[in-house]
Each structure stands twice: as structure tokens, then as C-alpha cells.
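Engineer: Dropping a prediction and its sequence here:
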Amino acid sequence: MVLFYDPKDENDLARVERLLHDGGVEYFLAEEPEKEIGAKQVHVAEEDLPTAEALITDDLKRKKAESSIVLPGGS
């Protein structure tokens, strides 16, 4: 298992866990070495790393596209 993601907070952790679960990627959580830093770290199997990275990248692209949509009547 390799360190895949170091979430910034609990909401970020929940988002990544949902993406990995929905994408069928097994993962485990490890305590952050420095307790004051934040949430747990997400680890995946080395062979699942490309899939996990693609899930995160696709999610970020989707969010960026959603935020750039101009609604009718908007400025």
C-alpha cells in the first residue's frame, strides 16, 4: 500500500472515500503522523494508484466545469 492522498479536512476525506468506494478501489486510512495537521491519510494498493488518480482528476474536472457554467441572466 502507498500513500495516495492527504486530505485537508474531514469533508475532503469523505469526498475522496466516496470517490474510491464508488470507483471500486480498496483503500485504508492511516493516522496523520502529526496529530495537529488534520485528517487521516488515504492509502491504496500500488496497482490501484492509476485508477485512484483518475477518479480524483475526473472529479476535479467535473467540479471545475460545473463552476464555469454561466446561467441565463447571469453576469
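Structural biologist: Great, that's in hand. Bear in mind that the values here come from a model prediction, so they are computed numbers and not experimental data. Residues are numbered from 1 along each chain as shown.

Engineer: So the most centrally placed residue in the chain versus P72, what's the distance?
Structural biologist: Compute the mean C-alpha point of the chain, and by Cα atoms, centre = their mean the closest residue is V16, 3.1 Å away. Shown here: V16 relative to P72, a distance of 34 Å by Cβ to Cβ, to the nearest Å. In this view, the C-beta of every residue, glycine as well, is placed from N, C-alpha and C.

Engineer: again, but for K40
Structural biologist: 42 Å.

Engineer: ok, back up a step: surely the residue nearest to the centre of the chain and Q41 touch.
Structural biologist: No. V16 is beyond contact range of Q41, at 10.4 Å (criterion: Cβ atoms under 8 Å).

Engineer: just how off-centre is the longest helix seen in the chain within its chain?
Structural biologist: For the chain, the helix with the greatest residue count under DSSP state H is helix 49-67. The chain centroid and the centroid of helix 49-67 are separated by 8 Å, computed with Cα atoms, centre = their mean, to the nearest Å.

Engineer: got the buried residues for stretch 21-30?
Structural biologist: Buried residues in stretch 21-30, counted by 16 or more other Cβ atoms under 10 Å: 25, 27.

Engineer: Residues contacting that stretch, please?
Structural biologist: Stretch 21-30 is touched from outside by 1, 3-4, 13, 17, 20, 40-45, 48, 51-52, 55, with contacts defined as Cβ atoms under 8 Å, 6 or more residues apart in numbering.

Engineer: same thing but 10 Å
Structural biologist: Contacts with stretch 21-30, where a contact means Cβ atoms under 10 Å, 6 or more residues apart in numbering, come from 1, 3-7, 13, 16-17, 19-20, 39-45, 48-49, 51-52, 54-56, 58-59.
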